[in-house]
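# show me the folded form of this:
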Amino acid sequence: MNGPPIAPKTYQLDTLDALEKWLSATSITNDPDTAFYQQTRRAYQSVEGLPGVPYACLRVPTGGGKTLIAAYSIAGETRFMKPQAAQEIFCGMEKTCKERNAL
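Below is the predicted model:
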């Protein structure tokens, strides 16, 4: 049974908006580092061994709707992907549940 889509909460929309702005700037400049710094005034942390590959880690607390944010980001952010290049979107937890809940 399919119900109506779940509407994101304000903080989830803010997270998606920040991601969209960064991806948009990155797609225009082809420079994720500068785009990130201009938006956040913080240093960008690229993936070791993959210079220039856009990488974003959205930190959301437990119960914050990471799955919903991931679903909306995949649906909306694919428009910034370049069809001539191999690309992927990976959504996962920064720490596994087991590591996070270890005694």
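# which other helices and strands contact the helix ranked longest in the chain?
If each helix of the chain is counted by residues according to DSSP state H, the longest one is helix 10-29. Counting contacts by 3 or more CB pairs under 8 Å, 6 or more residues apart in numbering; DSSP states H and E, helix 10-29 packs against helix 32-40, helix 66-77. For glycine as for every other residue, the C-beta is placed from the backbone atoms N, C-alpha and C.
# relative to helix 66-77, how tilted is it?
If you take axes from the mean of the first three to the mean of the last three CA atoms, to 10 degrees, helix 10-29 sits at 40 degrees to helix 66-77.
# mind saving the C-alpha coords of helix 10-29 as PDB?
Extracted in PDB, the C-alpha atoms of helix 10-29 (Å, rounded to 0.1, in the frame of the first residue of the first chain):
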ATOM      1  CA  THR A  10      12.400  22.400   8.200                       C
ATOM      2  CA  TYR A  11      15.900  21.200   9.300                       C
ATOM      3  CA  GLN A  12      15.800  18.400   6.700                       C
ATOM      4  CA  LEU A  13      14.900  21.000   4.000                       C
ATOM      5  CA  ASP A  14      17.800  23.200   5.300                       C
ATOM      6  CA  THR A  15      20.200  20.300   4.900                       C
ATOM      7  CA  LEU A  16      18.900  19.500   1.400                       C
ATOM      8  CA  ASP A  17      19.200  23.200   0.500                       C
ATOM      9  CA  ALA A  18      22.800  23.400   1.700                       C
ATOM     10  CA  LEU A  19      23.700  20.200  -0.300                       C
ATOM     11  CA  GLU A  20      22.000  21.600  -3.400                       C
ATOM     12  CA  LYS A  21      23.800  24.900  -3.200                       C
ATOM     13  CA  TRP A  22      27.100  23.200  -2.800                       C
ATOM     14  CA  LEU A  23      26.500  20.700  -5.700                       C
ATOM     15  CA  SER A  24      25.300  23.600  -7.900                       C
ATOM     16  CA  ALA A  25      28.400  25.700  -7.200                       C
ATOM     17  CA  THR A  26      30.600  22.600  -7.700                       C
ATOM     18  CA  SER A  27      29.000  21.800 -11.000                       C
ATOM     19  CA  ILE A  28      29.600  25.300 -12.300                       C
ATOM     20  CA  THR A  29      33.200  25.700 -11.000                       C
END
